[in-house]
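Undergrad: build me a model from this:
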Amino acid sequence: MPWANIPNRVSSEEFLCLGERFFHLRQHSANSLTMRTRLIRFKGAFGITPGIVEHIWYCIKRHHTLPINAKPDHLLCALFFMKCYNSESIGASLAGLDEKAYRKWTWLVMVMSVAQRVF
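TA: Residues are numbered from 1 along each chain as shown. Below you'll find the model as predicted:
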């Protein structure tokens, strides 16, 4: 089954770390912050907590609606776009993607999430 390579479960802690990496926060810098500060920053950037992001990812993956090369980072791109509504160039540079890839994954994840009534 081609979906076997995509993890169905990504923990909220993993999403928290991915969110910090999204903003290029070094691991030793993130470790010096309190968990409360880390969660406030995550929610400020993505609009929801890592636990809710974990649930959304699980719902999307459970329905097998995304391509095989979809990654949890792509969900964060979509959430960041919906929360901040920045230009593609800003979102792409933060995510470490080119604008075409950022646009593709942002809209694909948003459309599939809405189609599955995840949001």
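
Undergrad: nearest residue to Ile48 other than its sequence neighbours?
TA: Using Cβ to Cβ, 6 or more residues apart in numbering and skipping the chain neighbours, the partner closest in space to Ile48 is Leu79 (6.9 Å). Backbone N, C-alpha and C define where each C-beta goes, glycine included.

Undergrad: isn't that neighbour right up against Gly44?
TA: No - with contact defined as Cβ atoms under 8 Å, Leu79 does not count as touching Gly44 (11.7 Å).

Undergrad: count of neighbours near the residue nearest to Ile48?
TA: By other Cβ atoms under 10 Å, 26 other residues sit near Leu79.

Undergrad: give me the secondary structure label for it.
TA: Look at Leu79: counting by DSSP: H, G, I helix; E, B strand; the rest coil, its state is helix.

Undergrad: for Phe23, see how far away it is.
TA: 13 Å (Cβ to Cβ, to the nearest Å).

Undergrad: follow-up on the earlier one: per-residue pLDDT, the residue nearest to Ile48?
TA: As predicted, Leu79 sits at a pLDDT of 94.

Undergrad: and it, what does it touch?
TA: In this structure, Leu79 makes contact with 46-48, 53, judged by Cβ atoms under 8 Å, 6 or more residues apart in numbering.

Undergrad: show me the shaky parts of the protein.
TA: Within the chain, the ranges that satisfy pLDDT under 70 run 1-8, 26-31, 118-119.

Undergrad: helices along that one, start to end?
TA: Assigned by DSSP state H, the chain shows helices spanning 12-22, 27-31, 35-46, 50-62, 72-84, 88-95, 99-115.

Undergrad: need the residue closest to the centroid of this protein.
TA: Leu76 (1.7 Å; Cα atoms, centre = their mean).
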